[in-house]
Structures are given as C-alpha cells and as structure tokens.
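Enquirer: Build me a model:
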Amino acid sequence: MVKVVELWKVHLDGQLESGAVERKVFLQIVVCFKLRSSDLIPIEQIYTLPIAGTHKSCIVHIFSIYLLRSEANMTCSQLQKVETNVHIQASAEQFYDVLCNRTHHIANIFPEKIQSVEIHNGEWGTEGSIISWNYSLEGKACVSKEVVEGIDRENNKMTFKVIEGDLLGHYKSFKFIMQVTPKEKGSCAHWVLEYEKQKDHIPDPHTLLELTVEMSKEIGAYLTQDHK
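Expert: Alright, predicted model coming up:
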C-alpha cells in the first residue's frame with residue numbers, strides 16, 4: 001500500500017498519454033477505489049488490472065494527476081460564503097473610518113453585543129495588525145482573534161482573517177470581507193463571510209452575519225447622531 005502522492009512522485013516520467021483507453025481505465029480506477037491523494041492505494045491491484053495496449057506506469061501517472069487535481073477542486077468547492085448588504089445612514093467615509101481606523105470604538109457604540117475590541121500587534125488601521133473581539137452570539141460569550149489581511153482605502157474595503165477563537169472550533173478558515181460604497185443618502189455596506197467548515201453538519205454562520213448587520217446599523221446611527 002502506498003500513497004497516491006508517492007505514486008505521483010515515483011511514476012512521473014513526463015509521458016502523459018491521453019487516449020481513450022487511458023481515460024477509460026483511470027476513470028474505472030477512480031470509481032473502484034474512490035480515493036483522494038492522501039489515501040493509501042493498493043498498488044498491486046492497479047497493476048493486475050487488465051489494461052490492454054497501455055503502459056501501466058502511465059496509467060498510475062494519469063490517475064495520480066487526476067486525483068491531485070480533483071482534490072484541489074474539492075478544496076475550492078468547500079470554501080463557502082454568506083453575504084448581505086446593509087444600508088447605513090452615515091457616509092461611506094465615516095463608516096469605513098470606524099471599521100478601519102477606530103475599530104476599538106465599536107465596543108462603545110454597540111456594547112450590548114460587542115464587549116471589547118483590542119489590539120495585540122501593530123497599529124489601528126494597518127495591514128498585518130492583530131486584533132481581538134469579545135462579543136456575544138446567541139447569548140454566548142465568544143472571542144475572535146483576527147489579522148487585518150487587507151486594507152483598500154481607495155475602495156473602502158478591508159478583510160479580517162480569523163486566526164484564533166471560537167469560530168475555528170467549527171470552521172477550518174474564516175474571513176470577514178467588508179466594502180462600503182456611497183449612496184445618494186448614506187451608504188451601503190456589503191459584508192461577505194467566507195469560510196470552510198470542519199464538518200458537513202456545521203451550520204452556515206447566518207447568526208454571525210446578522211450580528212454584522214446589527215453592528216453596521218448601530219455604527220451608522222451613532223455616526224449620524226454624532227454629526228448632527
């Protein structure tokens with residue numbers, strides 16, 4: 001028994017035949033073993049299959065590449081997202097300034113759900129800075145440590161990537177992507193929550209998306225009152 005990845009390394013000889021026989025055989029193997037690139041494969045079974053007119057090492061080569069590509073596609077397909085638009089009373093510049101440069105003020109604006117926002121590394125409003133959020137979700141106290149992965153001031157866009165905390169107990173990866181655009185009256189905040197589940201039964205983070213909507217509206221209302 002050897003891993004498909006190891007087969008790929010051993011049998012990669014640069015001779016990739018792509019005839020009908022090859023395609024038929026490696027698809028039969030895929031169906032038979034239902035393997036991914038990290039699985040163990042009974043190589044002796046592949047080599048004893050009746051493969052007429054084709055080099056068996058070439059079949060292993062084709063099969064290995066097929067599995068590696070399939071796994072890459074599967075990884076991409078596992079990345080999911082939920083998103084929404086929120087109308088904000090404040091201008092796009094005001095809203096973005098709070099999210100980007102004065103993130104810690106959100107705890108003062110929306111203390112019912114956001115208890116604190118603290119910085120651990122770097123400075124407010126800079127890429128690579130690390131901040132933590134203490135918040136309430138469905139009555140439970142939660143923590144999320146995040147790195148500010150991207151800041152695009154020209155387009156009022158930024159990305160937070162979760163690196164520690166409660167969310168990573170359910171998701172392999174998690175990002176918050178926000179972009180706010182000016183409107184005739186106020187602005188519109190577009191939130192995207194991008195994630196990969198640990199297990200299929202894990203629910204989609206709709207309640208967290210609702211929290212971002214509440215927070216956005218509270219910030220907008222606060223800024224409007226503050227600037228009357």
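
Enquirer: where along this structure do the helices fall?
Expert: Ranges of helices in the chain, per DSSP state H, are 4-11, 20-33, 43-47, 56-78, 92-101, 106-109, 206-226.

Enquirer: Would you single out the least confident of the ones you listed?
Expert: Mean pLDDT per stretch puts helix 4-11 lowest among these, at a mean of 42.

Enquirer: Now Ser91: closest residue in space that isn't a chain neighbour?
Expert: Spatially, and ignoring its direct neighbours in sequence, Ser91 is nearest to Ser187 (5.8 Å; Cβ to Cβ, 6 or more residues apart in numbering). Quick note: C-beta positions are derived from backbone N, CA and C, even for glycine.

Enquirer: quick one: contacts for that neighbour?
Expert: Taking Cβ atoms under 8 Å, 6 or more residues apart in numbering, we find Ser187 in contact with 87-88, 90-92, 95, 180-181, 220.

Enquirer: need these in CSV with distance to Ile109 and neighbour count, can you?
Expert: Below are the contacts of Ser187 laid out as CSV (distance: Cβ to Cβ, whole Å; neighbours: other Cβ atoms under 10 Å):
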residue, distance to Ile109, neighbour count
His87, 17, 13
Ile88, 13, 24
Ala90, 11, 24
Ser91, 16, 20
Ala92, 17, 19
Phe95, 11, 25
Val180, 16, 28
Thr181, 21, 15
Gly220, 10, 24
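
Enquirer: Between the residues you listed, which sits nearest Pro111?
Expert: Gly220 (16.4 Å; Cβ to Cβ).

Enquirer: The closest one against Ile88, yeah?
Expert: Yes - contact status for Gly220 versus Ile88: in contact at 3.7 Å, counting by Cβ atoms under 8 Å.
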